[in-house]
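Colleague: Following is a predicted model, sequence given first.
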Amino acid sequence: MVAQPCNARLPISSGSTSHGAYVIDLKRAIRQAQARDMVLRNVAELVTTPKGKAGRPSKALTLAQAKALLTAAESSSLHAYVLLSLMTGIRTEEARALRWDHVVAWVDKVDGWRPVANVGFDHKRFAIYVWRADRVGGDTKTRKSRRTLELPRQAIDALRQHHARQAAQRLKAGELWQDHGLAFCTAVGTPLDAHNVRRAFRGITKKAGLGDEWTPRELRHSFVSIMSDNGVPIETIADLVGHAGTRVTEQVYRHQLKPVITKGAGTMNALFGGSKKR
């Protein structure tokens, strides 16, 4: 018996994302083809499914570590990227997709926000429109993730310097420059690769004396932790990071949020002079 070409569509699940899950689905699909005499042998059975590695729990920088990181990042091309991510809590895929026309200044004459690419940085208030992400389709993770965040002064200064450096890079690149309008891009204007960002970020953390086991997404965790440690309500934190409600924030960043349960004991100790010994 000679195996005939299989023209049927095999029912491989589109929801499988890992290599192991894909192999399991493929084995199941070919078994069905065997049952229909469409193939003779299930070659997928010869494949050894790799075992997945357990993910590392995310961690957050302390305030002192965050300051050391920003100092180490000053000489890096990622300085503005790191500072903006840490001080606004935007996702790393949102930072990679940020466009200059979404970095805006408040213009008193028109009583509204205008892109810094048009009006410059000679203004008092600045913000970013977090409306895009480096994801399929270019949308943010959820509808609630679309938000407008006013910028702290250090972030404004870093973006101003970064904008000037990028203009110089554009002149140097000449005809090689590809204009995508991105705030953070390569030396020729193309989108940043997530792997390259992670590698460069590890170099910064190592220079800061923090080791090389940090990832850019932990800047967001650090933002949540620093906000919580300084008394910012969880409702406000949820709005800042683009969550639909506090429940998501509590689930995702439970290790970074300051435990509210300790406030009662701390207040009573202060009022009634509780012992300092544990």
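Modeller: Received it, and whenever you're ready, just let me know what you need. Just so we're clear, the structure is a prediction, and the values are computed from it rather than from any experiment.
Colleague: Residue 229 is in contact with residue 256, correct?
Modeller: No: with contact defined as Cβ atoms under 8 Å, residue 256 does not reach residue 229; the gap is 9.0 Å. Heads up, the C-betas are built off the backbone N, CA and C, glycines and all.
Colleague: More neighbours: which of those two?
Modeller: Using other Cβ atoms under 10 Å, the more surrounded residue of residue 256 and residue 229 is residue 256, with 22 against 14.
Colleague: what residues does stretch 59-70 touch?
Modeller: Stretch 59-70 is contacted from outside by 79, 82-83, 86, 204-205, 208-210, 214, 218-219, 221-222, 224-226, 229, 255-256, using Cβ atoms under 8 Å, 6 or more residues apart in numbering.
Colleague: Mark which of those residues are part of helices, please.
Modeller: Using DSSP state H, the members of those that fall within helices are 79, 82-83, 86, 204-205, 218-219, 221-222, 224-226, 229.
Colleague: Which residue, neighbours along the chain excluded, lies closest to residue 252?
Modeller: Spatial nearest neighbour of residue 252, excluding adjacent residues (Cβ to Cβ, 6 or more residues apart in numbering): residue 243 at 7.8 Å.
Colleague: And the pLDDT for the one you found?
Modeller: With respect to pLDDT, residue 243 scores 86.
Colleague: My reading is that it lies in a strand. Confirm?
Modeller: No: assignment of residue 243 by DSSP: H, G, I helix; E, B strand; the rest coil gives coil, placing it outside any strand.
Colleague: Next, count neighbours for it.
Modeller: Here the number of neighbours of residue 243 (other Cβ under 10 Å) works out to 22.
Colleague: Phi first, then psi, for it.
Modeller: phi -100, psi 150 (degrees, to the nearest 10).
Colleague: Report the separation between it and residue 199.
Modeller: Separation of residue 243 from residue 199 (Cβ to Cβ, to the nearest Å) stands at 29 Å.
Colleague: picking that back up, PyMOL command for the buried members of the ones in helices among the contacts of stretch 59-70?
Modeller: Listed next is the PyMOL selection for buried residues among the ones in helices among the contacts of stretch 59-70, using 16 or more other Cβ atoms under 10 Å:
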select buried, resi 79+82+83+86+204+205+218+219+221+222+224+225+226
